Structure formats: structure tokens, C-alpha cells
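Student: heads up, no residue letters with this:
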């Protein structure tokens, strides 16, 4: 017996790629229903994260034409992780399992069948993991490798080469709902949930249309969020570094005096000044996060929710075309 499956797709300024994404996901969802892997009540939930282009207008048009699509509009741009969480928390009220993916079609939709097989075999969480990074530039491969190694060194549990392409059962989503932190880093939170999980490997393609929403500056900020949200090791490293520098300074100072040289104040000040600024910056990151958490502001606000409007069984006249395509 099939379950109700929802796709959750966060969208920010995706008017260029959304028509292509909608066509591909609609075809896939109907194929899943036809093959008995998803119930007819299954939906594709598109989450507009305060886009400045016509993304929401397109979502409403899709929903009006075909209620296999439904939509959620956030009142303001809150970032990818908050938009994804808004979609997951909304979808869990209607679905037995939710599959999240980006709108750019880089994730292989064909891997969904393996996701569902693992889910029906009893897994609560299925991680989509890239099988290769050969198509990436050297810079991107190097920074990705450095990021995952740094996260492990900082003590953060993460799945390497996994973005947010994953399946989560309703039980896993109920567990996720208990994490109330404002500084979201879902790739670090989801592994902490535990439950039975597995990996599905797939090859990630190029973006179908539009531009990436993750330039280098945003990727750096995302990595910094990941480290400071899950590890206090940087603070301990600062303490250790301070002790080491202090000891070395004393040793060098004494050695120079013993050798009859005066202390080189300029180089000492530059070195210590740089270390102090770095340390203050890292401590400031943690204080900033504490500041955000204690305010307790909502992680997102929903302006419009089309889910109730699209609860009716969708029009299966489109299945006629699908049957022709698939024989």
C-alpha cells in the first residue's frame, strides 16, 4: 500500500528554471502514482522564499492549472534553510514522507525511486549523496573537501557530499520539529535525529537554467554557520593558541635578553594584534548567535498557504498523456 509523498522545493528568484522543474517533477510524481509508489493525494510543494521576480506568480498559476502543485509563500526572504524548514513542517501535516530537493534540477530526480524503495523497506531518512565530483572545478572540489574535513575536525557529524536532497518520514520530521534553534544548519541537525537511515548515490548535473544562489561569499557564510552552530572547538582552540603564544613570547623575550639583544616590539605587537583580532572575531560569531537565539524571533512567517486549496484529488486527465508516453 503506497503512502502520501510530498516533494518540497524551496524557490528564490527561480522564474527561469521553475517551468522546467515543474514539468519534470509533475511527470515524475504522476509516474510514481501510476506505479503504485505514491498515493493520489501526493503533492509537489513549492516554497517561495520572498522572491523578487515572478516565482510566486508562477507557483499560483501552476497550482490553479494542476492541483498536483501546491504552494507556500513566505512573507520575507529568510534564506534557503528556513524556507526548506517551512516546507518540511507544512508538508508533514499532510504527507507520510517528504523528499526535499533544490529547484535547479541538479539533483537526479530518477534517484527518487531508490529513495522510496529504502523508505518502504523501513528507513526513516534517506540521504542523496553525490557519487562523484569530477564535473566540479578544481577550486570547488578543493573547497568542498576542505569544508567536510574541517567540519569533522570540529566534531560536527555530517554526511559528505550531501546537500539537502533527502527523504524524511513523518516520524523523522516530528523529531526535527523539536529542534527550535534559530540558526539553522539542517545538514548538521538531521544526522543528530538518528533513526534508521541509508544513502542513495546519484550523479549531480548542471543547473538547468538561471543562476546559482550560492556564490563564494554565501558558501563561506554557510560553512561558518555550520561550524559555529555545532561546535565550540574554535573557542577551545583560541584558548590553546593563547597559551602557546604566551609561552613562546616569554621564551623568545628571555632568549633575546640573554643574547644581549633588545626585544623586537614591532613584530611582537603585529603578531599578537592579529591573533587577538581573529580570536575576537570568532568569539563575536558565537555571541551573535546567542543574540539571535535569545530574541526568539520566528524562523519564518507564512503569507500564503495553498495546501488546503489543493487537497482535492487532482485532475487525472493529465495521466492520459503520461500513459501515452510510458505505454
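Tutor: Everything's here; your move. Since the structure is predicted, the reported quantities are computational estimates derived from the model, not experimental observations.
Student: What residues does residue 60 make contact with?
Tutor: 71, 306 (C-beta atoms under 8 Å, 6 or more residues apart in numbering). No exception for glycine: its C-beta is placed from N, CA and C like everyone else's.
Student: measure it to residue 180 for me?
Tutor: Between residue 60 and residue 180 the computed distance is 31 Å (C-beta to C-beta, to the nearest Å).
Student: Lowest mean pLDDT among the helices and strands of this protein, which one is it?
Tutor: Sorted by mean pLDDT, DSSP states H and E, the helices and strands of the chain end with helix 317-326, the least confident at a mean of 46.
Student: shouldn't residue 158 be in contact with residue 191?
Tutor: Yes. Counting by C-beta atoms under 8 Å, residue 158 does reach residue 191; the two are 6.4 Å apart.
Student: what's the residue nearest to the spatial centre of the chain sitting at in phi/psi?
Tutor: For the chain, the residue lying nearest the average C-alpha position, counting by C-alpha atoms, centre = their mean, turns out to be residue 164 (4.4 Å). Summarising the backbone geometry of residue 164 under the convention degrees, to the nearest 10, its torsions are phi -120, psi 30.
Student: Contacts only, for it.
Tutor: Taking C-beta under 8 Å, 6+ apart as the definition of contact, the neighbours of residue 164 are 80, 84, 100, 101, 102, 186, 187.
Student: What's the local residue count around the first one?
Tutor: Residue 80 is surrounded by 22 other residues when neighbours are defined as other C-beta atoms under 10 Å.
Student: Same question for the third one.
Tutor: The local packing count at residue 100 equals 25, with neighbours defined by other C-beta under 10 Å.
Student: And it, what's its pLDDT?
Tutor: Each residue has a pLDDT score; the one for residue 100 is 95.
Student: Bridged to it, which residues?
Tutor: Legend: beta-bridge partners of residue 100 under DSSP bridges are residue 8, residue 166.
Student: follow-up on the earlier one: and the contacts of residue 164, which is closest to residue 22?
Tutor: Ranked by distance to residue 22 (C-beta to C-beta), the contacts of residue 164 are led by residue 101 at 12.9 Å.
Student: my read: that closest one touches residue 111, true?
Tutor: No. The pair residue 101 / residue 111 is not scored as a contact, 9.4 Å apart, by C-beta under 8 Å.
Student: who has more neighbours, these two?
Tutor: The neighbour count for residue 101 versus residue 111, taken as other C-beta under 10 Å, is higher for residue 101 (25 against 21).
Student: list the contacts for the more buried one?
Tutor: 7, 8, 9, 107, 109, 128, 164, 165.
Student: redo that, cut-off 10 Å
Tutor: Residues counted as contacts of residue 101 (C-beta atoms under 10 Å, 6 or more residues apart in numbering) are 7-10, 21, 25, 84, 107-109, 111-112, 128, 163-167.
Student: Inside helices: which ones of the contacts of residue 164?
Tutor: With helices taken from DSSP state H, the overlap with these comprises 80, 84, 186, 187.
Student: Would you convert those residues into CSV that also reports pLDDT and distance to residue 271?
Tutor: Compiled in CSV, those are given as follows (pLDDT from 0 to 100; distance: C-beta to C-beta, whole Å):
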residue, pLDDT, distance to residue 271
80, 89, 39
84, 94, 43
186, 86, 39
187, 85, 36
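Student: Any of those buried? List them.
Tutor: When neighbours are counted using 16 or more other C-beta atoms under 10 Å, the ones in helices among the contacts of residue 164 contain these buried positions: 80, 84, 186, 187.
Student: Can you verify my assumption that residue 147 contacts residue 225?
Tutor: No. When contacts are counted by C-beta atoms under 10 Å, residue 147 is not listed as touching residue 225 (11.8 Å).
Student: Helices of this structure, residue ranges please.
Tutor: Taking DSSP H as the criterion, the chain contains helices spanning 18-34, 55-65, 80-91, 112-120, 138-153, 170-176, 186-193, 216-230, 233-259, 265-295, 317-326.
Student: nearest to residue 303, of the ones you listed?
Tutor: Closest approach to residue 303 among those is made by helix 55-65 (9.0 Å; C-beta to C-beta).
Student: how far off helix 18-34 does that closest one point, in degrees?
Tutor: Taking axes from the mean of the first three to the mean of the last three C-alpha atoms, to 10 degrees, helix 55-65 and helix 18-34 form an angle of 40 degrees between their directions.
Student: and helix 55-65, which residues are buried?
Tutor: For helix 55-65, the neighbour count (16+ other C-beta under 10 Å) marks 55, 56, 58, 59, 60, 61, 62, 63 as buried.
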